[in-house]
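Novice: Return atomic coordinates for the entry below.
(chains A and B)
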Number of protein chains: 2
Amino acid sequence: MRTGALLFTLLTVTLSAAPTPEVLRVREWRGQNEGRILAELIQLLSLPNVAANRADIGKNADLLTSMFERRGFVVSRWETKGSPIVFARRDVDTARGSVIFYFHYDGQASDPKEWTRGAPYTPSPFLGDKPLTITAQSTGVDPDTRIYARSASDDKGPIVAFLAAMDGLIATKANIPWSIRVVLDGEEEAGSRNFNSTMQAHTADVKSDLAVIVDSPRHPSGLPTVYYGARGGSGAVIKVHGAIGDLHSGNYGNFVTDPAMALAKLIATMKDENNYVTIKGFYDDVTPLTATERRAIDEIPNIDQKLLEEFGLARQEHPESRIEMQHNRPTLSILGLEAGQVYTGTRSAIPGSASARIEMRLVKGLTPAKQLDLLEAHIRAQGFHIVDKEPDMATRRKYALIAQVTRGGGGGGGGLGIAKTSMDNPVTSKAADAIRALNQRLVQLPTIGGGLPFGVFSESLALPTIGLAVVNFDNNQHAANENIRVGHFFEAIEIFAALATMPR
Amino acid sequence: MRTGALLFTLLTVTLSAAPTPEVLRVREWRGQNEGRILAELIQLLSLPNVAANRADIGKNADLLTSMFERRGFVVSRWETKGSPIVFARRDVDTARGSVIFYFHYDGQASDPKEWTRGAPYTPSPFLGDKPLTITAQSTGVDPDTRIYARSASDDKGPIVAFLAAMDGLIATKANIPWSIRVVLDGEEEAGSRNFNSTMQAHTADVKSDLAVIVDSPRHPSGLPTVYYGARGGSGAVIKVHGAIGDLHSGNYGNFVTDPAMALAKLIATMKDENNYVTIKGFYDDVTPLTATERRAIDEIPNIDQKLLEEFGLARQEHPESRIEMQHNRPTLSILGLEAGQVYTGTRSAIPGSASARIEMRLVKGLTPAKQLDLLEAHIRAQGFHIVDKEPDMATRRKYALIAQVTRGGGGGGGGLGIAKTSMDNPVTSKAADAIRALNQRLVQLPTIGGGLPFGVFSESLALPTIGLAVVNFDNNQHAANENIRVGHFFEAIEIFAALATMPR
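Specialist: Numbering: from 1, shown residues only, chains lettered A, B, ... in the order given. Here you go, the predicted model:
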């Protein structure tokens, strides 16, 4: 999966806000401790962390526990049916309130053979093409240095930046006026299946004045990014059935059903010539954008043309509105097609079936169940009989068009990924202001395109919630050569210091 | 690839014609030599014969050479860039003329693990589920016995039946009034790539008064079948390009091109709601059926409903006319679709491209080149820019819809498979009459659905040509458990005896 290599020059804008004295002291402290901070990151990145491997995940949880305990956190380990959730709290008697931060410590599996810079669990610093050595004694590390490793950006880098911010604040004797809670998800890349129920079981612990979900890359403009919602995934595999078995295309062409053609005709009815979904009612329940949200989008540097250049495309699907606007609309994409043989053989056979994987990314107001119902109604309206398993002979003989629909498989946190909170909430606005003060620019996205368990905090726990994206856009998340740019990592330390010391 | 298990009861019809005395004597002789005949078949079937294996193919050519020499044939071996072609001739001084028979001795590769009756090169006789032993001493073999082995029906069984007919005629001192030539293709299953040029290089040897192409199963009605033409294949892979690389469906859904959707929309335009191809000019050059051809089709037992039952379908693509009629029309079938992942993963990515393999089976009057030109014109008419290799960045940035079209890959003998000869030719009519006389019924197909190098004889060498199908329809040709029914095999001996002794 390709992520772009877009780099924007930050615009210089003079605004009244500026980094607070606390943040400036942390910046100075960081300059004296770069090697030590990066060495801790490299240590954490050295641990394999695929959620399916319980032993590996346990080692990560152990190391994280000791890392948080070193900073005065009281750490609990909440076991689940999957990976343990590590919960760390650092309470302050005189606290103005509490802020909970979400990170995840698992990562996607990766084939080392695809990596050209180091290997998934051999963290490898590079400056451009040049490999570097970083030790606890390193100083003056070039901000363009990148550390290549699985989870460098997604999502261990932000954890270590957060801990460095705590170290810096403690070392510089800053007043930390908030009780801090941190929840570390150990199976985000596996769908966070046990996350919501575990949070519900520990409501008293996690209830906070503000939730900050730290995941995702920054907006492609390169600016620090806060988001207020996400698109949750939903999907289905549609298998159109023809004859029972593949049949000689010479002997039976013009006679038996061509299921790949039937599937193509079905899919083709799902979007119009302007790429709008034609499924009846598909957009009906979308929560419209508020004036604040529209204004926030207007203020973001427009990156549409840069993206088209990067991706080698002549035009976008919806030239009538920019990508950040489109992220607030649901999608319907064909993620896969499979029938017979294209490149892997030359068998002259009409396949017995043809399948497509359809994914819908849904926005606030929509539910997977209802959208899938609408999808099925659309399939029926095209003349198909829908079955939920392989059709038997009587069914095959009765219906000329048969579609087997299997729901599931959507990415992006499923139903709990569909969420959006108000941009007009005073608590979240304060958090955004604290980040904006660092360099006078901030991208605020009403909804990010991808998904994560945003709704666990914003809907299920009903907390004021923001998403925070601190890592470089071109981090190759989920792919080979995942990396974090050190300059972004250093800036993340300041962002966390600003949030931990923000006024109420 | 599934072939049916349809069995029809032969209708009893009383006509004036009857087997000739020569054929009746061969029938009696066969009754006394069943074990010996079948043992020779089993010997030939024991040799692996995939065209790609030169050593194996050489052993087949050697054995066939000695088999034909034993019957008084003079055998030549014509080397080609691929498998050798074995040419055998048995000239008669007082001949009325000459007949050339075509068979092929190679077979399709097969995975022994898929076989439940014996193995590809371990010929295994069964009566129903019961394994049998057949030796040269066997007598009274049940006609329902089947011998399971690769090439049992396609196409070694017919070769051995032909040789048995020659044996029988010689043993019963029949007058064989024709010089006989036999050409044995060693790479039919690999596309007969060198066949036409080799025939052209040996025109004087192969020129005959009648060519009989012996391949294919009988019509599903079970009757001996003569055909006068074939459909030749032609095809293309269409690859629709989206972004360079797969992209996160959450981040870029509603923004980047969805190539699987674009491909589906393109394919969907190629056939109308009645399953007629909408490509402009697609049917224009089809040679229409003659009155004789229409009458021949009318006389064939209608098998449409039986096929639909067999294949588990509610209706055929063209209920307005029977399958034998549809075999005289060109097809357009989608043999494969490939994009992203359907069942093999759950990556949430919009694929960078989506591909389809399209096959056209063409009938007399059409050429692959022109039909592919029409296909490309149709693709352009849908707004696509066509490229013949991966598009470069400038091309990607210029055209919103890009289709990479790679011609090739059609089954069925390519351009030389497209052929049809007159059913009103007196020579071919005599041959048909000789076969019909055996049991008073004969299926005559103007065009068979599948392909074989029919045009090499009928067009390139311009000989009066018929195709002859002697083996059982349910022979599992090209699949596991290929077999030949002994009753059909015995009847084939009589068919060859009738042809070798037919009047001029």
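Novice: Contact residues of the stretch 351-500 of chain A facing chain B?
Specialist: A:351-352, A:354-357, A:359, A:361, A:393, A:396-400, A:409-412, A:448-451, A:478 (CB under 8 Å from any CB of the partner chain). (Each C-beta comes from the backbone N, C-alpha and C, glycine too.)
Novice: For ChimeraX, write a command that selects the buried ones of those residues.
Specialist: With 16 or more other CB atoms under 10 Å in any protein chain shown as the criterion, this ChimeraX line picks the buried residues out of those:
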select /A:351,352,354,355,356,357,359,361,396,397,399,400,409,410,411,412,448,449,450,451,478
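Novice: The lowest-mean-pLDDT helix or strand in chain A: what's the following helix or strand?
Specialist: When each helix and strand of chain A is scored by mean pLDDT, DSSP states H and E, strand A:247-248 comes last, with a mean of 89. Using DSSP states H and E, the helix or strand that follows strand A:247-248 towards the C-terminus is helix A:249-252.
Novice: hmm, that following helix in reach of chain B?
Specialist: Yes - against chain B, helix A:249-252 shows contacts by CB under 8 Å from any CB at A:249-252.
Novice: For that helix, name the packing helices and strands.
Specialist: Applying 3 or more CB pairs under 8 Å, 6 or more residues apart in numbering or on different chains; DSSP states H and E, one finds that helix A:249-252 contacts strand A:349-350, strand B:353-362.
Novice: go with 10 Å
Specialist: Packing partners of helix A:249-252 (3 or more CB pairs under 10 Å, 6 or more residues apart in numbering or on different chains; DSSP states H and E): strand A:349-350, strand B:232-241, helix B:304-311, helix B:323-326, strand B:333-340, strand B:353-362.
Novice: Out of those, which gets nearest to B:S429?
Specialist: helix B:323-326 (19.1 Å; CB to CB).
Novice: Find out how far the closest one is from the centre of the chain, if you would.
Specialist: 16 Å (CA atoms, centre = their mean, to the nearest Å).
Novice: What's the mean pLDDT across stretch A:279-291?
Specialist: Averaged over stretch A:279-291, pLDDT sits at 97.
Novice: How about it, which residues are buried there?
Specialist: Buried-residue list, stretch A:279-291, by 16+ other CB under 10 Å: A:279, A:282, A:285, A:289.
Novice: Dump the residues you listed into JSON lines; add distance to chain B and secondary structure as well.
Specialist: JSON lines is the format used below for the buried residues of stretch A:279-291 (distance: CB to the nearest CB, whole Å; DSSP: H, G, I helix; E, B strand; the rest coil):
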{"residue": "A:I279", "distance to chain B": "13", "secondary structure": "coil"}
{"residue": "A:F282", "distance to chain B": "12", "secondary structure": "coil"}
{"residue": "A:D285", "distance to chain B": "17", "secondary structure": "coil"}
{"residue": "A:L289", "distance to chain B": "14", "secondary structure": "coil"}
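Novice: Which member of the residues you listed is positioned nearest B:L24?
Specialist: Using CB to CB, the buried residues of stretch A:279-291 come closest to B:L24 at A:I279, 70.4 Å.
Novice: Look up the closest residue to the closest one, ignoring the ones flanking it.
Specialist: Among residues not flanking A:I279 along the chain, A:H378 sits closest, at 4.4 Å (CB to CB, 6 or more residues apart in numbering or on different chains).
Novice: was I right about the one you found contacting A:K280?
Specialist: Yes - here A:H378 reaches A:K280: they are 6.6 Å apart, a contact under CB atoms under 10 Å.
Novice: what sits against A:G58?
Specialist: A:77, A:83-84, A:186 (CB atoms under 10 Å, 6 or more residues apart in numbering or on different chains).
Novice: how about it, phi and psi?
Specialist: A:G58 adopts backbone torsions of phi -60, psi -40, taken as degrees, to the nearest 10.
Novice: Starting from A:G186, give me the distance back to it.
Specialist: According to CB to CB, to the nearest Å, A:G58 and A:G186 sit 9 Å apart.
Novice: which neighbours do these two share?
Specialist: A:77, A:83-84.
Novice: Quick one, which of those residues are buried?
Specialist: A:83-84.
Novice: Out of the shared contacts of A:G58 and A:G186, flag the one nearest to chain B.
Specialist: Relative to chain B, the closest of these is A:S83; by CB to the nearest CB it sits at 18.1 Å.
Novice: Leaving out chain neighbours, which residue sits closest to the closest one?
Specialist: A:G186 (2.8 Å).
Novice: Check A:F457 too.
Specialist: A:A211 (3.9 Å).
Novice: My guess is A:S429 contacts A:M423. True?
Specialist: Yes - using CB under 10 Å, A:S429 is in contact with A:M423, at 7.6 Å.
Novice: Now do the same contact list for A:F73.
Specialist: A:65, A:67, A:86-91, A:163, A:166, A:180-182.
Novice: shouldn't A:D155 be in contact with A:E189?
Specialist: Yes - applying CB under 10 Å as the test, A:D155 and A:E189 come out as touching, 9.1 Å apart.
Novice: Report how many residues lie close to A:L132.
Specialist: Residues within reach of A:L132, counting by other CB atoms under 10 Å in any protein chain shown, total 15.
Novice: show me the contacts for it.
Specialist: Taking CB under 10 Å, 6+ apart, one finds A:124-126, A:138, A:141-142, A:145-147 in contact with A:L132.
Novice: related to what we said a few turns ago, mind listing the shared neighbours of A:D155 and A:E189?
Specialist: Joint contacts of A:D155 and A:E189 (CB under 10 Å, 6+ apart) are A:104, A:106-107.
Novice: Distance to A:F490, neighbour count and pLDDT added to these, as TSV?
Specialist: Formatted as TSV, these follow (distance: CB to CB, whole Å; neighbours: other CB atoms under 10 Å in any protein chain shown; pLDDT from 0 to 100):
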residue	distance to A:F490	neighbour count	pLDDT
A:H104	22	30	97
A:D106	25	27	96
A:G107	22	28	95
